[in-house]
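Peer 1: Here is the input, now give the coordinates:
(2 chains)
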Amino acid sequence: MFTSNPFAELGVFLPPLAMQAYIVAAIIAVAGGTVFDMLHKSSAKFFSMYLERSKAAATKTLSSGDKASIAVKTLAVEIATSAEFCNPQRRISHLFMFYGFILYCTTTITMVFGYPTPATPTPVALPLLWNLGAVMILIGGYWFFFFLRVNVAKDGQPVFRLVRADLFIVTLLASVTFALVWEFAQSTGNPTATKVALGLYLFFTTALFGSVAWSKLPHMFYKPVMAFQRRVEEADGSSSLPSPVATHEGR
Amino acid sequence: MPTFVYMARCDGCGECVDICPSDIMHIDKTYRRAYNIEPNFCWECYSCVKACPQNAIDVRGYADFAPLGHSVRVLREEDKQTVSWKVKFRDGREKNFVSPIRTTPWGSIKSPADYDAPSPDAFKTQELSHEPDALNIDSLPTLSTSKFKIGVI
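Peer 2: Presented below is the predicted three-dimensional model:
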């Protein structure tokens, strides 16, 4: 079950071109949804005004080398290790989902475009990594959903009272869960169960990528930009925050 | 001077929800970030401002008497036991303050859970919890009955 390419088996129902077109449509939906979200909420306009204010308040000019160094630090700290989270449990949960999602997406794209039919045998590592990515998403995701969501953990809301902020995590978990159910149904050889699981998998995957404009998925673009900007402000003196005590003048 | 949250800084940890004595810091249903649900009820105690690990909370004056455009930001550094404030005025002036977070060493005050449970007899006394030990005195001062006004006895 874990070593066979589930998308190659899908060729029985769908031509490879349809699967590939679906993935391209999903990528376009993410890009389009993010742009729509930025325009609709005026976040791009707000951010450009914020940048102007920040530049005006800067006390020193950063060289391109400084900015490159800041970009590397942002990549290594805020992005690669999710250091922004002050709660260690949330940080670990996010890292599970983050790296799981990367593994899951890259192996899905590789298998659909590179090995779309049983005629092109898939390397065993790819389905294994696909399953590993899916399991990582589910570990981090269900941990977050049941125990770490702040409105549940701190605001006392019931676990199953879903709000709009849950759109991303619910569609992500449902999509990945039904992906594994579909893979299992394929391995049992039950065509009805396979079709039902595939339908649910496609439904929630479409909901995941089609709802980008209303969900929290675009945070994967916004958060790194803001993390970089925060570091730039600390370096060029435009931050409104007090300097750390050790660097206070005269101390 | 009610609080507000910089949404781009907030990571939705909920520390402000826990600490707010007025219970007005809550979690937004759309973005799962903290926000002040009722600025009119804000006590301006700055608890959430100081507790926020992301420095995502600021305070603002009411527009009718405090012109907008200023900022009051805080940086809490527990490892250095300092709390630093940077106050920016609308006319460009800036004031910086650094204070010790507390006057006793960090972690030196016992939490209520660290004390023994009071005995049933303790409920019959006039003393409050952990008195007189917590006041660093041997016993609370008392009045002798001879000093009471006549008629009180």
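
Peer 1: nearest residue to A:Ile70 other than its sequence neighbours?
Peer 2: The spatial neighbour of A:Ile70 that comes closest, neighbours along the chain excluded (Cβ to Cβ, 6 or more residues apart in numbering or on different chains), is A:Arg231 at 4.7 Å. (C-beta placed from N, C-alpha, C; glycine too.)

Peer 1: Now do the helix or strand in which that neighbour is found: everything it contacts.
Peer 2: For A:Arg231, the host element (DSSP states H and E) is helix A:219-236. Contact with helix A:219-236 is made by A:34, A:43, A:47, A:50-51, A:54, A:58-62, A:66-67, A:70-71, A:73-75, A:78-79, A:84, A:238-239, A:241, B:8-9, as judged by Cβ atoms under 8 Å, 6 or more residues apart in numbering or on different chains.

Peer 1: Buried residues, that helix. List them.
Peer 2: By 16 or more other Cβ atoms under 10 Å in any protein chain shown, the buried positions in helix A:219-236 come out as A:222-224, A:226-233, A:235-236.

Peer 1: cool, and stretch A:164-171?
Peer 2: By neighbour count on 16+ other Cβ under 10 Å, the buried set for stretch A:164-171 is A:Ala165, A:Asp166, A:Leu167, A:Phe168, A:Ile169, A:Val170, A:Thr171.

Peer 1: my read is the first one is in a strand, agree?
Peer 2: No. Read with DSSP: H, G, I helix; E, B strand; the rest coil, A:Ala165 is helix and lies in no strand.

Peer 1: That one is in contact with B:Tyr31, isn't it?
Peer 2: Yes. A:Ala165 is within contact range of B:Tyr31, at 6.0 Å (criterion: Cβ atoms under 8 Å).

Peer 1: Quickly list what's touching both of these two.
Peer 2: A:Lys216.

Peer 1: still on that earlier bit, just send the buried residues of stretch A:164-171 back as a markdown table, with distance to B:Glu38 too.
Peer 2: As requested, these are arranged in a markdown table below (distance: Cβ to Cβ, whole Å):
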| residue | distance to B:Glu38 |
| --- | --- |
| A:Ala165 | 20 |
| A:Asp166 | 24 |
| A:Leu167 | 26 |
| A:Phe168 | 28 |
| A:Ile169 | 28 |
| A:Val170 | 29 |
| A:Thr171 | 32 |
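
Peer 1: so which of those residues are also by chain B?
Peer 2: A:Ala165 (Cβ under 8 Å from any Cβ of the partner chain).

Peer 1: tell me, what residue is most central in chain B?
Peer 2: In chain B, the centroid-proximal residue (Cα atoms, centre = their mean) is B:Ser47; its distance is 4.2 Å.

Peer 1: Quick check, that one in contact with B:Cys20.
Peer 2: Yes. With contact defined as Cβ under 8 Å, B:Ser47 reaches B:Cys20; the gap is 6.5 Å.

Peer 1: Tell me the one among the buried residues of helix A:219-236 nearest to chain B.
Peer 2: Lowest distance from chain B to the buried residues of helix A:219-236 (Cβ to the nearest Cβ) belongs to A:Met226, with 4.6 Å.

Peer 1: Would you mind naming what in chain B lies close to chain A?
Peer 2: For chain B, the residues in contact with chain A (Cβ under 8 Å from any Cβ) are B:8-9, B:11-15, B:17-18, B:26-32, B:53-55, B:58, B:71, B:73-75, B:77, B:80, B:82, B:84-86, B:88, B:96, B:98.

Peer 1: So among those, which ones count as buried?
Peer 2: Taking 16+ other Cβ under 10 Å as the criterion, what is buried in these is B:8-9, B:11-15, B:17, B:26-28, B:32, B:54-55, B:58, B:71, B:73-75, B:82, B:84-86, B:88, B:98.

Peer 1: circling back to that earlier point, just curious, which of the buried residues of helix A:219-236 is nearest to A:Thr188?
Peer 2: Distance to A:Thr188 across the buried residues of helix A:219-236 (Cβ to Cβ) is lowest for A:Lys223, with 40.4 Å.

Peer 1: Where does pLDDT dip in chain A?
Peer 2: A:247-251 (pLDDT under 70).

Peer 1: mind checking the longest helix of it?
Peer 2: helix A:88-114 (DSSP state H).

Peer 1: Check whether that helix comes near chain B.
Peer 2: Yes. Using Cβ under 8 Å from any Cβ, we find that helix A:88-114 touches chain B at A:Arg90.

Peer 1: how distant is that helix from the center of its chain?
Peer 2: Distance, stretch centre to chain centre, for helix A:88-114: 8 Å (Cα atoms, centre = their mean, to the nearest Å).

Peer 1: B:Met25 versus the residue in chain A positioned nearest to chain B, what's the distance?
Peer 2: Nearest to chain B in chain A, going by Cβ to the nearest Cβ, is A:Lys154, at a distance of 3.1 Å. Applying Cβ to Cβ, to the nearest Å, the value for A:Lys154 to B:Met25 is 9 Å.
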